[in-house]
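Enquirer: Here's a sequence, model it:
(6 chains)
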6 protein chains.
Amino acid sequence: MFSVTVRDHMMIAHSFRGEVFGPAQRLHGATYVVDATFRRPDLDADGIVVDIGRAAEELRAVLADLTYRNLDDEAAFAGINTTTEALARVVADRLADKLQAGALGDGARGLDALIVTLHESHVAWASYERPL
Amino acid sequence: MFSVTVRDHMMIAHSFRGEVFGPAQRLHGATYVVDATFRRPDLDADGIVVDIGRAAEELRAVLADLTYRNLDDEAAFAGINTTTEALARVVADRLADKLQAGALGDGARGLDALIVTLHESHVAWASYERPL
Amino acid sequence: MFSVTVRDHMMIAHSFRGEVFGPAQRLHGATYVVDATFRRPDLDADGIVVDIGRAAEELRAVLADLTYRNLDDEAAFAGINTTTEALARVVADRLADKLQAGALGDGARGLDALIVTLHESHVAWASYERPL
Amino acid sequence: MFSVTVRDHMMIAHSFRGEVFGPAQRLHGATYVVDATFRRPDLDADGIVVDIGRAAEELRAVLADLTYRNLDDEAAFAGINTTTEALARVVADRLADKLQAGALGDGARGLDALIVTLHESHVAWASYERPL
Amino acid sequence: MFSVTVRDHMMIAHSFRGEVFGPAQRLHGATYVVDATFRRPDLDADGIVVDIGRAAEELRAVLADLTYRNLDDEAAFAGINTTTEALARVVADRLADKLQAGALGDGARGLDALIVTLHESHVAWASYERPL
Amino acid sequence: MFSVTVRDHMMIAHSFRGEVFGPAQRLHGATYVVDATFRRPDLDADGIVVDIGRAAEELRAVLADLTYRNLDDEAAFAGINTTTEALARVVADRLADKLQAGALGDGARGLDALIVTLHESHVAWASYERPL
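Expert: Numbers count the residues shown, from 1 in each chain, chains lettered A, B, ... in the order given. As a prediction, the model looks like this:
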């Protein structure tokens, strides 16, 4: 099994609803350092899992729609807590949509899984893994 | 599949028995930077795998019973080598006991696996993964 | 010359005023991983620059007044851009006030400089250095 | 499930064939920071997955045959693109050959998988996982 | 004293002349993770050392002229060893030229020093510091 | 001003005397990830600050006399607290002795300073800087 991972980041504001969140119920923010891992059983004809340059561009495009925003004001997140783990899924699902629309070319159709990890600090991070 | 990881550390002394360990048979020590990963297939009603703050507290509590000690003098480790991989299991099992006793609340009962990684230096680390 | 550094973090929301900031003029946020470095020419009688445990507690106390907040709503920052470099100074000055009030004990009076670095992502950080 | 990982690095020159690689079709180079992970369900009689010192030596020996070379000139890679993911497999397969030849001792025969990760920069890395 | 640092990377091939270099006399390569630090005694009217976004763009432009190349073939480096420390100076000097040509705006004229660090692996790096 | 840094590590046991150390008065241990930085105003005839390979070997030799030991039993440290900052000085002074004895060749005589940093965890480190 092969995988390739690319890293980028986004910087957002948000707040959480629920007593479990304590002071994080207040409006605050986070830098998420985001790792997107693409996995497939075999390499393509060029000897790659996916082109690292194009993978990085697609990740950047997904993050561009989220960064420098207050997620509390985004219609897409109405009524849900934009926790680190929930956002990992959002990023993964949006990347998967792009892949399925051909963003990484035909070769990328051999991918079978996508894992997205969001690092919220040097001491905490969350991941979401999904099939493709 | 979702996961959340929290990081902390402990600083211990110990020695190993067995020729394979070479100079590590002498009393020496280690800082273990410890990552505890909690995994579950779905998020709970708050949109989380487990509360990061409480997970960090529980990890800290487990490490508090180990840190600043000579493990050679601890009854719990009599007759066993406290290698990085063996200690990864000790930390994981103790965390699992706390989870099963309800330390992270009812929501945490949806967890299905726990992975603990101990980094002994910038060039070596070990992990133990177990079901919950 | 000796120094000791401790690391912690804070998670805040804010926005910037000025065209130079582009999309960062919108309300967004950041995790700042914060390093506080204490410097002195000689060690004290215990053989330390400053007690690492107490230094970490004081840094935590300074960050506790900033984290999980929207800095745009804080009176202390009215009319100023809370850029990474400006916040590095805020943290350094508040830590210096604590030191001068004796927070780290008499031994800490031998310190001659303080450097605070705020990492806003894996690809950008800022520092402020001041005498004590 | 237990695992142990050791880290080392190599510095090579190479070029790629295929339009997908863009400017990387030119002769260029890379530092690969290489992580080799050894996995097994149970610890051996000494309480280890594999001896970390010997594992590091074997990894170093594998990398010694690759580092400080132009891979375009190596017969072993004639006609293939030495991408990060392809090299992860090369390193894993060569390590596996050593294990099967007894390089890490009889204890290492309990290993069931090997994962090799090559970090090509702070923002991109690739892995290959294989059974043993 | 304030500073801001931005990070990027380049991937090059080269060889060294001189017995001291041992196997590095052969054609090989490196990924250099590059940190550029901009320093000044006071913040500008916007509360910044330099715009992080523009600083990152200028660093990227400097590295674009070096990356994905065999430095042995570059006229600019004829007769000199492109060691990590020598390249740190090249990057710093080229960035300084851009600053002096106004690339970061008038505000950047308040800068008094530039430090460039090239990380060649997880265990070795080199820096060059110069006035502005 | 140029500098080159090499990284290695050591794993030791020790205890501290003095109330300020709290639980660290008990026998415990640490992994110190050690960075040695060599500084000089100009490069030598080969275009280097110091040969990275030889610098790494000399650092390794210094650490070999400390690692896998209980520092409480070492005559060299009788009556002193082997704190992170005190050990940074020990490593720096021993490296300086080697340099002055010619360990890094004649070229290394152009060095004017040495900085040693010991990382005791992911959240604390200490440095000592001295002239050469």
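Enquirer: hey, let's count contacts and neighbours off CA atoms from now on
Expert: Will do.
Enquirer: Specify the local secondary structure of residue A:17.
Expert: Classification of residue A:17 by DSSP: H, G, I helix; E, B strand; the rest coil places it in coil.
Enquirer: Does it touch residue A:81 like I think?
Expert: Yes: under the criterion of Cα atoms under 8 Å, residue A:17 makes contact with residue A:81 at 6.7 Å.
Enquirer: neighbour count winner among these two?
Expert: Per other Cα atoms under 10 Å in any protein chain shown, whichever of residue A:17 and residue A:81 has more neighbours is residue A:81, with 21 against 16.
Enquirer: who's in contact with the most far-flung residue of chain A relative to its centre?
Expert: Within chain A, the residue lying farthest from the chain centre (Cα atoms, centre = their mean) is residue A:45, at 26.9 Å. If you count contacts by Cα atoms under 8 Å, 6 or more residues apart in numbering or on different chains, residue A:45 has none.
Enquirer: Residue A:31 too?
Expert: By Cα under 8 Å, 6+ apart, the contact set of residue A:31 is A:9-12, A:119-121, C:29-32, C:120-121.
Enquirer: re the thing from before, checking the residue farthest from the centre of chain A next. Helix, strand or coil?
Expert: Classification of residue A:45 using three-state DSSP returns coil.
Enquirer: how about it, phi and psi?
Expert: Dihedral pair for residue A:45: phi -60, psi -20, per degrees, to the nearest 10.
Enquirer: cool, and residue A:36?
Expert: phi -110, psi 120.
Enquirer: Now do the nearest residue in space to it that is not next to it in sequence, the pLDDT please.
Expert: Spatial nearest neighbour of residue A:36, excluding adjacent residues (Cα to Cα, 6 or more residues apart in numbering or on different chains): residue A:116 at 4.6 Å. Note for residue A:116: predicted pLDDT of 98.
Enquirer: again with residue A:79
Expert: 93.
Enquirer: so what's in contact with residue A:17 and residue A:81 at the same time?
Expert: Shared contacts of residue A:17 and residue A:81 (Cα under 8 Å, 6+ apart): residue B:46.
Enquirer: if I pick the spatially most central residue of chain A, what's in contact with it?
Expert: Geometric centre of chain A, nearest residue: residue A:91, 3.0 Å, by Cα atoms, centre = their mean. By Cα under 8 Å, 6+ apart, the residues touching residue A:91 are A:62, A:63, A:116.
Enquirer: Strands along chain A, start to end?
Expert: Ranges of strands in chain A, per DSSP state E, are A:2-14, A:28-40, A:69-70, A:113-121, A:124-131.
Enquirer: Centre of the chain to the helix ranked longest in chain A, how far?
Expert: Longest helix of chain A, by residue count under DSSP state H: helix A:84-100. Relative to its chain's centre, helix A:84-100 lies at 5 Å (Cα atoms, centre = their mean, to the nearest Å).
Enquirer: Spell out which parts of chain A neighbour chain B.
Expert: Residues of chain A lying close to chain B (Cα under 8 Å from any Cα of the partner chain) are A:17-18, A:20-21, A:80-83, A:85-86, A:122-130.
Enquirer: For the strands of chain A, give me TSV that also has distance to residue E:58.
Expert: What follows is the strands of chain A, written out as TSV (distance: least, Cα to Cα, whole Å):
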stretch	distance to residue E:58
strand A:2-14	19
strand A:28-40	22
strand A:69-70	25
strand A:113-121	27
strand A:124-131	31
